[in-house]
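Enquirer: With the input below, show me the fold.
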Amino acid sequence: MKRWKLLLCLALVLCLLPALPVKAAAAAEEESYTYTVRLYGGNLNSGVQTITDVPYGKSITLDPSGFAASDERYYVKGIRRAGEDSSETHPLSFEVTEDMDFVVAYGIKGNQVAYTVNYQDVNGNPLQPDDGTGNRLPSSITYYGNVGDQVYVAYRQIPGYEIYNAYNLTMKLKENPAENVFTFVYVLIPEVGEPPVDEEEVVTDQADVNIPGGGVPGAAGPADLIDLDEDDTPLGLLDLGKDAIENGAELFGRLPLGARLGLAAIDLMLVGLLIWFLVRRKNKKKEQST
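Expert: Residues are numbered from 1 along each chain as shown. Got it, this is the predicted structure:
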């Protein structure tokens, strides 16, 4: 059973290889452009936030908190892609690969509940960065939403630190405010000349590092999004798979034409072998049953 599953996975991967160089070339062409991202206040706020000259693949964060609703019956719930008829909000931090328009999503105030966003290092120490004017930003901020709202919270950049667990955290708000906690964890950026810190061997003053809210970082770095309502998310495996495909695309694109044709031929042979194996296995079962 395990053998034919392994053969099937290998055949599917090889089937994708001929298309990877085309995808890699298209991505390289897109990287030469810059893009514009706009956030509109919509009917309840006439403001517009515009970010221009964003390079391809750069991560940005939108902050809708300044778009207060003109009608006090409404509150800022998040952001949505413009033109999409969906009740779901969009993560506030994301990679830019095209011109993008968003609108602020508002909700009608109902059963309001508090939720807290914390910023701390891996030892649990609160982080209060300078806002650039000499004032310290709070290490913990309280917001409000309706019970049952799917809330997305984005990390913020802190000088001297890099995010450790995730760029975005999401959760459905519970009735108990103590359960509505979003914690972003950071590590110090190594100084020039110092060896980089191995994220799996971060030295701390504590015997065990406990990242609140189940924020487990992936093997390749912080996750794009962690859903705090889900347990045991295999982030490390997802990150490793993503890196393997990207690295494979770059390597395959550099191979000469003859080598790529050879791989395509091997691909066809493996698919044929897999089909033969499955047919043989099926016939063998029929013989045993008779």
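Enquirer: which ones are touching the closest residue to Pro55 other than its chain neighbours?
Expert: Counting by Cβ to Cβ, 6 or more residues apart in numbering, Pro55 lies nearest to Thr34, which is 5.7 Å off, once chain neighbours are set aside. (C-beta placed from N, C-alpha, C; glycine too.) By Cβ atoms under 8 Å, 6 or more residues apart in numbering, the contact set of Thr34 is 52-56.
Enquirer: Separate out the buried members of those.
Expert: Among the contacts of Thr34, those classed as buried by neighbour count (16 or more other Cβ atoms under 10 Å) are 54, 56.
Enquirer: From the contacts of Thr34, pick the one nearest Thr142.
Expert: Here the nearest of the contacts of Thr34 to Thr142, counting by Cβ to Cβ, is Val54; it sits at 30.7 Å.
Enquirer: Quick one: the strands in the stretch 1-150 of the chain, in order.
Expert: 34-40, 48-55, 59-61, 74-81, 93-95, 100-108, 112-121, 140-146, 150-154 (DSSP state E, counting those that start in this stretch).
Enquirer: Among these, which comes closest to Val187?
Expert: strand 112-121 (6.9 Å).
Enquirer: what helices or strands is that closest one leaning on?
Expert: strand 140-146, strand 181-188 (3 or more Cβ pairs under 8 Å, 6 or more residues apart in numbering; DSSP states H and E).
Enquirer: Rounded mean pLDDT for the first one, please.
Expert: Just to be clear, that refers to strand 140-146. For strand 140-146, mean pLDDT rounds to 94.
Enquirer: before we move on, back to that, can you list the helices and strands packed on strand 112-121 in TSV and add distance to Glu88?
Expert: Shown next, in TSV, are the helices and strands packed on strand 112-121 (distance: least, Cβ to Cβ, whole Å):
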stretch	distance to Glu88
strand 140-146	14
strand 181-188	18
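Enquirer: So this structure: which segments form each domain?
Expert: If you go by automatic domain parsing, the domain ranges for the chain are 1-32+255-290, 33-109, 110-233.
Enquirer: measure the nearest residue to Asp53 once chain neighbours are set aside to Leu278 for me?
Expert: With Cβ to Cβ, 6+ apart as the criterion, Asp53 has its nearest non-adjacent residue at 4.6 Å, and that residue is Thr34. Thr34 sits 49 Å away from Leu278, taking Cβ to Cβ, to the nearest Å as the criterion.
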